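Colleague: here is a sequence with its predicted model. Questions after.
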Amino acid sequence: MHDFGELPGLMGGVARARQIAQQTIDFFHEAVFAHHTEEEKDLFMIVLAKAEAGEEHERVRRLVDQLTAEHRDIEAQWRQLEPHLKKLLKGDAAEVDGAAIERLVRPYQQHARIEETEFLPLSAAILGRESADLAALGLSLHTRHVVGGARQGLCGS
């Protein structure tokens, strides 16, 4: 009966774990995948097209290649974790591997920092040379699916 008396205190942790699992699933389905697609299809292509030939274009190309590869890695890590989170939501026995979560969270946080500190300022400078509207479009494309602090919630920043 002593152990049974501990049960109410433990339930809060289970509820919080389910809440985080649902928020993360929603974030990936509502924001991350669309964000990656739009960046790759629209923003990356516009910035590459407008970059000056030579060093600037090569810098953009390296960043675009790096960020695109990181998108694929983040998505692959997510596909491995999502089934376990869905089991957790259903109340089924689920083993959520802490190391697997770390393999997603750390690269995601680093990826977001590179986008925000390197790629976005560079793209704003490149697109802004032609028009403020293009620079604003670039920022809009980058942030469209990152609403309500969802990106910061996953990034921890």
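Modeller: On my side now, so go ahead. Numbering: from 1, shown residues only.

Colleague: hey, let's count contacts and neighbours off CA atoms from now on
Modeller: Noted.

Colleague: give the contact list for the closest residue to S123 other than its chain neighbours.
Modeller: Excluding the flanking residues, the one nearest S123 by Cα to Cα, 6 or more residues apart in numbering is V47, at 5.9 Å. Going by Cα atoms under 8 Å, 6 or more residues apart in numbering, V47 touches V60, S123, I126, L127.

Colleague: which neighbouring elements make contact with the top helix by length along the chain?
Modeller: Of all segments of type helix in the chain, defined using DSSP state H, the longest is helix 55-90. Packing partners of helix 55-90 (3 or more Cα pairs under 8 Å, 6 or more residues apart in numbering; DSSP states H and E): helix 2-27, helix 33-38, helix 44-50, helix 98-114.

Colleague: buried residues in it?
Modeller: Residues of helix 55-90 classed as buried by neighbour count (16 or more other Cα atoms under 10 Å): 57, 60-61, 63-64, 67-68, 70-71, 73-75, 77-78, 81-82, 84-89.

Colleague: quick one on the thing from earlier: same list (the helices and strands packed on helix 55-90) but as a markdown table, adding mean pLDDT.
Modeller: Formatted as a markdown table, these follow (pLDDT from 0 to 100):
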| stretch | mean pLDDT |
| --- | --- |
| helix 2-27 | 85 |
| helix 33-38 | 92 |
| helix 44-50 | 93 |
| helix 98-114 | 95 |
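
Colleague: hey, which of those is tucked in deepest?
Modeller: Highest mean neighbour count of the helices and strands packed on helix 55-90: helix 44-50, a mean of 18 (counted as mean count of other Cα atoms under 10 Å).

Colleague: can you give me the offset of that helix from its chain's centre?
Modeller: Centroid displacement of helix 44-50 relative to its chain, using Cα atoms, centre = their mean, to the nearest Å, is 21 Å.

Colleague: and the nearest residue to H36 once chain neighbours are set aside, how far from A124?
Modeller: Nearest residue to H36 in three dimensions, chain neighbours excluded: H71, at 6.5 Å (Cα to Cα, 6+ apart). From H71 across to A124, the span is 21 Å (Cα to Cα, to the nearest Å).

Colleague: what's the distance between the residue nearest the centre of the chain and G9?
Modeller: Centroid check for the chain by Cα atoms, centre = their mean gives V32 as the closest residue, at 5.0 Å. According to Cα to Cα, V32 and G9 sit 34 Å apart.
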